[in-house]
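1. what follows is a protein structure lacking sequence information:
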């Protein structure tokens, strides 16, 4: 996808070649580096209201994951957890960024946890918003993973899903996360979901995802970890944050009321306050 001039913070965007991928990166502010990593199916736009709130005291970087939004596609390995870890590590080396704080949402939290565990990064703090650290349990896990693999293998599926991404379908999908997004937020997700390449990357990521080693990753973390759990999250139950924190040496859980899986989009000020709060 070509970056449109009206995309949030387009003037802060650049494209960086690293690990055989052309990455879309947004950077604003001055100070210690903060890295923001979105979840499956999202993009830099997910942090659009958080970034300016942090940029007064930090240099803030947001990236599009491989194939998402405006970053080029990766091969099958590059869509896996380990592939994304390697790709982002190479991107940070290329940019000479050593983040003091890392922030992830959903699958982005799993990526950052493995990067910390493998010593690709050594931040002072790691903040996870509704982190997706464990495989989907029970019947859902037995059903959705094979479906994702099947859909990802069918060439016409991304185009079909993109044609189905009307405003009502996107609104229902977002409501299913437990989050109440603004009309602007819904419109931005619709623009993404109407892109077959974005859908292809989302399906490919879901099909390649393997969290079987995440328990060990969490146990190896040396940095301070803040597990933010939104009480209305219908995608990742709040209990997941408590389970992950129990496995992590220097972790605590911060519970927020009312919001869903995308609470950082619903209340960016509260999200930024949590990220900045060094006393947590």
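-> Now that the structure is in, tell me what you want to look at. Everything numeric in this text was worked out from a predicted model, so none of it was measured. Numbers count the residues shown, from 1 in each chain.
2. how about residue 254: what's its closest non-neighbour residue?
-> Leaving out its chain neighbours, the residue that sits closest to residue 254 by CB to CB, 6 or more residues apart in numbering is residue 228, at 5.0 Å. In this view, the C-beta of every residue, glycine as well, is placed from N, C-alpha and C.
3. tell me if that neighbour really is in a helix.
-> No - with DSSP: H, G, I helix; E, B strand; the rest coil as the criterion, residue 228 is strand rather than part of a helix.
4. so what's it bridging to?
-> For residue 228, the beta-bridge partners are residue 129, residue 254 (DSSP bridges).
5. list the contacts of it.
-> Residue 228 is in contact with 127-130, 241, 253-256, 263, 271, 274, counting by CB atoms under 8 Å, 6 or more residues apart in numbering.
6. one more time with 10 Å, if that's ok
-> Contact analysis of residue 228 by CB atoms under 10 Å, 6 or more residues apart in numbering lists 103, 105, 109, 127-131, 238, 241, 253-256, 259, 263-264, 270-271, 274-275, 280.
7. next one: residue 218
-> By CB under 10 Å, 6+ apart, the contact set of residue 218 is 110, 113-114, 116-117, 131, 133-134, 225, 227, 243-249, 251.
8. quick check: which element contains it?
-> Under the criterion of DSSP states H and E, residue 218 resides in helix 214-219.
9. now that helix: average pLDDT?
-> Helix 214-219 carries an average pLDDT of 98.
10. could I get the full set of helices for the chain?
-> With helices called from DSSP state H, the chain shows them at 50-54, 81-95, 107-117, 138-153, 157-164, 167-175, 183-193, 196-208, 214-219, 238-247, 263-266, 268-276.
11. average pLDDT for the third one?
-> It stands for helix 107-117. 98.
12. out of the contacts of residue 228, which are buried?
-> Buried by 16 or more other CB atoms under 10 Å: 103, 105, 109, 127-131, 238, 241, 253-254, 256, 259, 263-264, 270-271, 274-275, out of the contacts of residue 228.
13. now residue 3: how far from residue 197?
-> Using CB to CB, to the nearest Å, one gets 13 Å for the distance from residue 3 to residue 197.
14. shared neighbours, the two?
-> 69-70.
15. give me the more crowded residue out of those two.
-> In this view residue 3 and residue 197 are compared by other CB atoms under 10 Å, and residue 197 has more residues nearby, 18 against 14.
16. hmm, residue 72 and that one touching each other?
-> Yes - between residue 197 and residue 72 there is a contact under CB atoms under 10 Å: 8.9 Å.
17. by mean pLDDT, flag the weakest helix or strand of the chain.
-> Across the helices and strands of the chain, the lowest-confidence element by mean pLDDT, DSSP states H and E is helix 138-153, at a mean of 49.
18. what about residue 207, distance to residue 243?
-> The gap separating residue 207 from residue 243 is 25 Å, by CB to CB.
19. pLDDT at the residue most central in space within the chain, what is it?
-> Geometric centre of the chain, nearest residue: residue 38, 2.0 Å, by CA atoms, centre = their mean. With respect to pLDDT, residue 38 has a value of 98.
20. if I read this right, it contacts residue 65, doesn't it?
-> Yes - with contact defined as CB under 10 Å, residue 38 counts as touching residue 65 (6.7 Å).
21. which neighbours do those two share?
-> By CB under 10 Å, 6+ apart, residue 38 and residue 65 have these common neighbours: 44, 107-108, 111.
22. would you format those residues as JSON lines with distance to residue 185 included?
-> Below are the shared contacts of residue 38 and residue 65 laid out as JSON lines (distance: CB to CB, whole Å):
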{"residue": "44", "distance to residue 185": "13"}
{"residue": "107", "distance to residue 185": "19"}
{"residue": "108", "distance to residue 185": "17"}
{"residue": "111", "distance to residue 185": "22"}
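23. looking at the residues you listed, which is nearest residue 93?
-> Here the nearest of those to residue 93, counting by CB to CB, is residue 111; it sits at 15.9 Å.
24. do I have it right that the closest one meets residue 103?
-> No - using CB under 10 Å, residue 111 is not in contact with residue 103, being 11.4 Å away.
25. identify the contacts common to these two.
-> Contact with both residue 111 and residue 103 is made by residues 37-38, according to CB under 10 Å, 6+ apart.
26. can you tell me the closest non-neighbouring residue to residue 53?
-> Closest to residue 53 by CB to CB, 6+ apart is residue 272, at 3.8 Å.
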